[in-house]
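**Student:** Sequence plus predicted model, see below.
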Amino acid sequence: MSMGKLLLTGVDGNLGRQAAEYLLKIVEKDQIIFCAYDPASLQEYADQGIETHVTNFNKIDGLAKAFANADKLALISMPFVGVKRQNAHKNVVDAAKEAGVKQIIYTSLVNAADESNPSVEKLDHVYTEDYIKSVGLDYIFLRNSQYAEAMVTNYFTYVKSDGVLKNNQGDGKMAYISRKDCAKAVAYALAASNYHEAILNINGPELITMSDFIKIGNEVTGHHIAYKQITDEENYAIFDAMGVPRTTDGKFAEDSEAPFSSEGMVTFGQAIRLGKMDIFTDDFKKLTGQYPVTVKYMFEHVNEYQVGERHSKDN
């Protein structure tokens, strides 16, 4: 690799902060740049002598300057959905191109390019992938499976309520992956020199249904949660009752056990039900040299694998 630095965005978010931790284990500090919207989140890194920049991707001003010393840039997808996210991602790509960045690593979604995939989330991902290609930058697209942490947290929501986990996924399968492993993939993709114009599916170690997921949870915890498939509309009603906003423009409750918009979650469940998310590869192992953690392991170490709060302040 050339002497340009490795730049990681979003270190004030859940995924970005974890990716920063992994990157510091595999790369020298003088090879790293960290960017975030929240200045307070950068202080501990700046104190270690790491190059840091406060960035707001909703505005292109100053981004190229922040990216100036970078050879590779990891864009962690923004926590809002729709035109606002697409514009923010476009700003990053345009500034990276202007700054002479050679390669962008982007956290996308499994099966993002499939037009028959009903997930609203995937629209932004395929837009961003296509835009990166259109400006002629090298890329690694990390198409992540669903975070297992979201469903681990969801499992315990029903432990505390009526014991029947309800969603619209039906018998659809998903290779659930830990967010920590997705973060590890970001760090290793930044440090790798042998991937060019690559699409990697970042999948967990087993392809399972929601019923399988709950069964693993029950075996580990001793609870007796059941699964019930419901319609998309019934699923919206549950989230409405929890105070979850339909879109990311809505207001998110503090300490919400579902810190995502319901439109994103319901169409994602629909995509799983229709078999649009059952991608299963060993790309994670090839990239990192390690195996992804299992759902069983996550239930056994449950305090370390909760979805956590929404950290982004720039939405």
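**Tutor:** All right, it came through fine. All figures in this text were calculated on a predicted structure; none of them were measured in a lab.

**Student:** need the helices for the chain, in chain order.
**Tutor:** Along the chain, the stretches classed as helices by DSSP state H are 14-26, 39-46, 63-66, 83-99, 121-134, 148-160, 179-191, 210-221, 232-242, 262-273, 283-288, 295-300.

**Student:** The third one: which residues count as buried?
**Tutor:** If I follow you right, that is helix 63-66. Leu63, Ala64, Ala66 (16 or more other CB atoms under 10 Å). For the C-beta atoms, the positions are set from N, CA and C on the backbone; glycine is no exception.

**Student:** and the gap between the second one and Tyr131?
**Tutor:** Spatial separation of Ala64 from Tyr131 under the definition CB to CB, to the nearest Å is 16 Å.

**Student:** Check the buried residues of helix 63-66 against Phe280 and report the nearest one.
**Tutor:** Nearest to Phe280 among the buried residues of helix 63-66, counting by CB to CB, is Leu63 at 36.3 Å.

**Student:** What pLDDT is listed against that closest one?
**Tutor:** Looking at Leu63, its pLDDT stands at 98.

**Student:** Correct me if wrong: it contacts Lys90.
**Tutor:** No: contact criterion CB atoms under 8 Å: Leu63 and Lys90 do not qualify, at 11.0 Å.

**Student:** Apart from its neighbours in sequence, what residue is nearest Tyr127?
**Tutor:** Nearest residue to Tyr127, sequence neighbours excluded (CB to CB, 6 or more residues apart in numbering): Gln86, at 5.0 Å.

**Student:** before we move on, the earlier item: quick one, which of the helices of the chain is nearest to Leu73?
**Tutor:** helix 83-99 (5.2 Å).

**Student:** tell me which residues in the closest one are buried?
**Tutor:** Quick answer for helix 83-99 (16+ other CB under 10 Å): 84-86, 88-93, 95-97, 99.

**Student:** I figured Val92 was touching Leu63, is that so?
**Tutor:** Yes: at 6.6 Å, Val92 counts as touching Leu63 under the criterion of CB under 8 Å.

**Student:** Give the residues shared as contacts by the two.
**Tutor:** The overlap between the contact sets of Val92 and Leu63 (CB atoms under 8 Å, 6 or more residues apart in numbering) consists of Phe57.

**Student:** Where does pLDDT dip in the stretch 101-250 of the chain?
**Tutor:** Per-residue confidence for the stretch 101-250 of the chain (pLDDT under 70) gives these ranges: 248-250.

**Student:** List the contacts of the residue nearest to Tyr127.
**Tutor:** Here Gln86 is in contact with Asp124, Tyr127, Thr128 (criterion: CB under 8 Å, 6+ apart).

**Student:** Compare those residues and tell me which is most surrounded.
**Tutor:** Counting neighbours by other CB atoms under 10 Å, Thr128 leads the contacts of Gln86 with 27 neighbours.

**Student:** so who does it touch?
**Tutor:** If you count contacts by CB under 8 Å, 6+ apart, then Thr128 has Leu75, Ser77, Gln86, His89, Lys90, Val93, Tyr106, Ser108 around it.

**Student:** ok, which pair from those is furthest apart?
**Tutor:** Spanning the widest gap among those are Lys90 and Ser108, at 15.0 Å by CB to CB.

**Student:** To His53, which of the helices of the chain lies closest?
**Tutor:** Shortest distance between His53 and those, using CB to CB, is found for helix 63-66: 3.7 Å.

**Student:** ok now the closest one, how far from the chain's centre?
**Tutor:** Centroid separation between helix 63-66 and its chain, computed with CA atoms, centre = their mean, to the nearest Å, is 24 Å.

**Student:** what's in contact with it?
**Tutor:** Ile33, Cys35, His53, Thr55, Phe57, Asn91, Val92, Asp94, Ala95, Ala96, Glu98, Ala99.

**Student:** Pick the one among the residues you listed closest to Ser116.
**Tutor:** For those, the nearest to Ser116 is Val92 (28.3 Å; CB to CB).

**Student:** Number of residues surrounding Glu129?
**Tutor:** Neighbour number of Glu129 under other CB under 10 Å is 22.

**Student:** check contacts around it.
**Tutor:** Contact partners of Glu129, counting by CB under 8 Å, 6+ apart, are Tyr106, Ser108, Ala112, Ala113, Tyr139, Phe141.

**Student:** Distance to Val307 for the helices of the chain - can I get that in a markdown table?
**Tutor:** Shown next, in a markdown table, are the helices of the chain (distance: least, CB to CB, whole Å):
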| stretch | distance to Val307 |
| --- | --- |
| helix 14-26 | 8 |
| helix 39-46 | 19 |
| helix 63-66 | 29 |
| helix 83-99 | 19 |
| helix 121-134 | 15 |
| helix 148-160 | 4 |
| helix 179-191 | 8 |
| helix 210-221 | 14 |
| helix 232-242 | 14 |
| helix 262-273 | 12 |
| helix 283-288 | 20 |
| helix 295-300 | 11 |
